[in-house]
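Student: the sequence and its predicted three-dimensional model are supplied below.
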Amino acid sequence: MRVTDSAFNSSFINQLNGLTSQQYNLQNQVTTGLRIQAPSDDPGAMEDTLNDQANVAAQTQYGNNITTLQTRATSIYTVLQSLQAASSQAGEYATSAGNGVQDPSALQTDGSEVNGLLNQVVALANTQDPSTGQYLFGGTASSQPPFVATKDANGNITGVTYQGNATVNQTDIGSGVSVTVDIPGANTTGTGARGLFTDSQSGADFINHLISLRDDLNSGNAAAVTTTDSANLQKDEDNITYQVANNGVAQTHLDAASTLVTNNSTSLNTMISNSSSANMVQTMVQLNAAQNAYQAALESGVKVMQLSILNYLS
Amino acid sequence: MFGLLGTLNLAASSLQAQMTGLEVSGQNLANVNTTGYTRQRVNLGTTTDIGTADGPQGTGVEVTSIEQTVNALLNSQIQNQNSVSGYWNGQQTALQSAQDGLNEFLSGASGSSSTGTTTDSSSGLSSQLSGFFDAAQAVATSPTSTSARQTLISAAQSLTTSFNQISDQFSSLNTSLNASLSGNVTSANQLLTDIAGLNKQISTSEFSGGNANDLRDEREQDLENLGSLVSFSSSTGANGSVNVAIGGQTLVSGDQVADTLQTYSGTNGNLYVQTAAGGVPLTLTGGSMQGTIAARDGTLATLQSGVDTLAGTLITQVNALHSAGYSMTGSTGANFFNGSNAGTITVNAALAANPSLIQASGSATATGDNTVALQIAQLASANETALGGQTFQASYTQMVGAMGDDLQTANDQVSSQSSVSQMLATQQSSVSGVSVDEEMTNLMSFQKAYEASSELVQTVNAMLETTIQMKTS
C-alpha cells in the first residue's frame, strides 16, 4: 500500500491521541479509585450503584431510628422498673393490712406511705422523654402531661384525668418492618396497645387502685383492702410485668434490627465497591502497558519521521 | 530525417515537457500539507512521428494532460461516512450535555470501610430523593422534633432545587440544540451556494479542455463538509458539475442553487428542517443536523418528560398525604409542595418559614402522632402506577441508566466511525495524497531528463557550429 506523509502523520497523531486518552482515563481511575464516574462509563453499574447508595442512606436512617427508639425504650424501662417497685411496695402494704394484726393507727401510717407512692406514681406517669421533652405515656398526644391530678383541700390526690390517647406511633426500623416501643398511659377501648396505668383489657387502673388502697388504709377498712384492693393491685402488677416483658422484647428486636442494618450497610457498600471501584492492581498494570505503548509509539514514530529521501540528496 | 534543427526542436519539446513535470511535482510538494489536496500527475506522450524511408521517426515528447489521481468511489464513501460520523457526533454532543445537566456523577473516594472504598454521589437527584424520604423517616421517628422538621424542609428544598436545576439545564440544552440546528442550516446553505459557484467555475475552466483540479479539490472539500452536516445524494451532471439533493429535494442543479434549507417550528415548539422556497419538510437521515434532532427529540425529550413525571408524581402523592394531616398547631389542608413539574416544584413557603406547620400528624388533637410523616416516608418504597409501577428511586435510576446507555452507544459509535473515517482517509491518501519521497524522486527524474535534453541541445549546437565552420572555412 502506498503510504503518504500526511497519512503517516495523521495515523501517528491518532495513535498518540488514543494512547494519551487511554492513559488519562486510567490515571483518573487510579487517582479517584473509581472505575466509573459518569452514567455513560457503565450504565448498568451506575444504576446499581445509585440504587445501592439510596439503600445505604435508608439503612443509615433506619439505624438512626433504632438508636432513637432504643433511647426511648430505655427511658420507658427505667420508669417501668420504678413502677414495679411501687407496685410491689403497695402490694406489701395491702398484704400487711390483710393480716389483721395492725391497729387503725398503723393502717393510717401505711396509708400515708401509700399516698407517697401515689404521688410518685403520678409523677412517673408524667415522665418526659429526656431527648425530646415529649411525655412518654400520653400516647400520640404527647405534648402535654397525660395525667392531671385532682386534689382535695389537704393536697391529697383524689383522682386523675387522662389527657392522652390510646394511640402509639409505629416507626420503621427496616424495609417494611415497623415497631413501637411506646405505651399509652391509659387504654379503655379494649383494643390496641395496653395502657400502662389504666387498661380495660387487663383490668389495671393503678393510680385509682392506689387511691382506693390509701383511702381504705386511712379509714381502717382492712376488709376492703383484703377483698378488693389486693386483687386490683395484683392486676396492676401483672399489667406492669406484661409491659416490662413487652419492653424487653422490643429492645431485643431493636438490637437484632441494629445488627441487621449494620450488616446490610456493609454488604451494600461491598456491592457499591464492586460496581464502581477500580481494581487497583489491574488498573496499574493497564496504565503501565499504556505508558509503554505510548513510549514505543513516540520512539518509533520519531525515528520513521526523521527518515526521508531528502537526507540522502546532496 | 529531419536534420539538426528538427533534433533541436525535439530537444526543446523535451525541455518543455520535463519542465512541466518539474512544475507539477513542485505543486504537489507545495501542497503536501494542504487539506483536501489531490496530487496531480503529468502525463507525457510522444509527439506524432514522421514516416521516413528508414521507418517512422520520433519527433519528441509532449504533455498530454495534467490530471488528479482520484478515486471517485472513495470520495463518495467518505461523503457518506461523514454523514454517519456527523450524526453520531451530533448525538454525542447533545447527550454529553444532557449527562452534565443531570449532574449524576460519582465523586472520588470519600472514605473507606473494611469492605473497601466507599463512594458518594455528588449532588445528583438520586441522593436528594433518598435524603428527602430519610428526613421524613426522621420526622416519623420524632414527630415533634423541631430539628427533624427543619431537616425535612432543608432536604425537600435541596430536592426541589435539584429538580429546578435539571429542568433549567434541559430547557437551556433544548434551546442550544435548536440554535445549533439553525447554525448548521446556515452553514449548509453557504456550502450549497459554494458548490453551485464552483460548478460554474469548473464548467467555465474546463470548457476549453483540461481539468480544473484545484477547483475540484475545493468542491470535494465542500461536499465532505456538507456530508458532516446533512446526508445528501449527488449526481454528476453535464460539464463536470455536481448536483446535490437532500431528502429527495434537488438543492443544487448545475451552477444554480435550486432551493435552500430553512428551519421551521414543529408542533412541539422545536425546530425542524424544510426547503426554503418549496416549504417541503425534509426527513433527514444523517449528519449532525439529524443527530441533533434525534438526541433532542429522543433521549433528551424522554429524560425531560421522565423527570417532570417524577416530580409531578412526587408532588401529587406527598400533597395527598400531607394535606390530610395536621400540623403541630392543629392546622390542616396545606400542601407540602407547590408546582406541577420539575421546573415549578417548590416547597410550600409557609412550611419552609415555620416547620411546625408540617402536617405530620394524623390527628388534630395529637401533635405527637406520626401517621402522615410515616406514610410520606414509606412512599420511598411504594410502587407508583404513574412511574410504570416503580419506586421513585428505581424510576429515576432507570432514567439515568437509559441516558447512560444512549451516550455510551453514541461514544462507541463515534469511536468506531472515527476508525472507519481514518481508514477511508488513509485509503484516500494512498491514492490522492502527496508523498515527499515520491515527488522528490520524480523531481530528480525530471531534472535528469531535463539535463539530458539540455545536453542534446548542446550537442546539436556544437554540430551546427561544426557545420557552419565547414562552410566558412
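Tutor: Looks like it arrived, so ask away.
Student: wait, is residue B:190 part of a helix?
Tutor: Yes: assessed by DSSP: H, G, I helix; E, B strand; the rest coil, residue B:190 belongs to a helix.
Student: which residues does it contact?
Tutor: By CB atoms under 8 Å, 6 or more residues apart in numbering or on different chains, the contact set of residue B:190 is empty. (Glycine included, C-beta is placed from N, CA and C.)
Student: list phi and psi for residue 281.
Tutor: Since you didn't name a chain, this refers to chain A. For residue A:281, the backbone dihedrals (degrees, to the nearest 10) come out as phi -60, psi -50.
Student: other chain: chain B
Tutor: phi -60, psi 140.
Student: with adjacent residues omitted, what lies nearest to it?
Tutor: residue B:274 (4.6 Å; CB to CB, 6 or more residues apart in numbering or on different chains).
Student: part of a strand, is the one you found?
Tutor: Yes: inclusion of residue B:274 in a strand is indicated when three-state DSSP is applied.
Student: how many other residues sit next to it?
Tutor: Burial of residue B:274 is recorded as 18 neighbouring residues (other CB atoms under 10 Å in any protein chain shown).
Student: surely it meets residue B:264?
Tutor: Yes: under the criterion of CB atoms under 8 Å, residue B:274 makes contact with residue B:264 at 5.1 Å.
Student: so how far is chain A from the spatially closest residue to residue B:359 that is not a sequence neighbour?
Tutor: Distances taken as CB to CB, 6+ apart put residue B:325 closest to residue B:359, at 3.3 Å, once the chain neighbours are dropped. Note on residue B:325: its distance to chain A, by CB to the nearest CB, to the nearest Å, is 12 Å.
Student: how close does residue B:325 sit to residue A:13?
Tutor: 65 Å (CB to CB, to the nearest Å).
Student: returning to what we had before: spit out the contact partners of the residue nearest to residue B:359.
Tutor: B:332, B:359-362, B:371-373.
Student: of the residues you listed, which is the most crowded?
Tutor: Within the contacts of residue B:325, most neighbours by other CB under 10 Å means residue B:360, with 33 neighbours.
Student: can you tell me which residues contact the closest residue to it other than its chain neighbours?
Tutor: In space, and not counting its chain neighbours, residue B:360 is closest to residue B:373: 3.8 Å by CB to CB, 6+ apart. Listed by CB under 8 Å, 6+ apart, the contact set of residue B:373 reads B:136, B:139-140, B:143, B:325, B:358, B:360-361.
Student: put together CSV for the residues you listed, with secondary structure and pLDDT on each row.
Tutor: Shown next, in CSV, are these (DSSP: H, G, I helix; E, B strand; the rest coil; pLDDT from 0 to 100):
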residue, secondary structure, pLDDT
B:136, helix, 97
B:139, helix, 96
B:140, helix, 96
B:143, coil, 93
B:325, coil, 97
B:358, coil, 97
B:360, coil, 96
B:361, strand, 96
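Student: from those residues, which is closest to residue A:105?
Tutor: Of all those, residue A:105 sits closest to residue B:143, with 51.2 Å by CB to CB.
Student: right, and the closest one touches residue B:359 too?
Tutor: No: at 10.6 Å, residue B:143 does not count as touching residue B:359 under the criterion of CB under 8 Å.
Student: can you give me the helices for the stretch 101-250 of chain B?
Tutor: Under the criterion DSSP state H, counting those that start in this stretch, the stretch 101-250 of chain B contains helices at B:125-141, B:146-207, B:213-229.
Student: tell me the contacts of the most centrally placed residue in chain A?
Tutor: Nearest to the mean C-alpha position of chain A, by CA atoms, centre = their mean, lies residue A:66 at 1.2 Å. Shown in contact with residue A:66 (CB under 8 Å, 6+ apart): A:173, A:254, A:257-258, A:261.
Student: check it and give its pLDDT.
Tutor: With respect to pLDDT, residue A:66 has a value of 97.
Student: let me know the next secondary structure element after the helix or strand where it lies.
Tutor: In the assignment (DSSP states H and E), residue A:66 maps to helix A:43-98. Following helix A:43-98 in sequence order, the next helix or strand is helix A:104-125 (DSSP H and E).
Student: between that next one and helix A:43-98, how many degrees?
Tutor: Put simply, helix A:104-125 runs at 170 degrees to helix A:43-98, going by axes from the mean of the first three to the mean of the last three CA atoms, to 10 degrees.
Student: which residues sit against helix A:104-125?
Tutor: By CB under 8 Å, 6+ apart, helix A:104-125 touches A:79, A:82-83, A:86, A:89-90, A:93, A:96-97, A:102, A:137, A:146-147, A:149, A:156-157, A:160, A:185, A:196-197, A:206-207, A:210-211, A:213-218, A:220, A:222.
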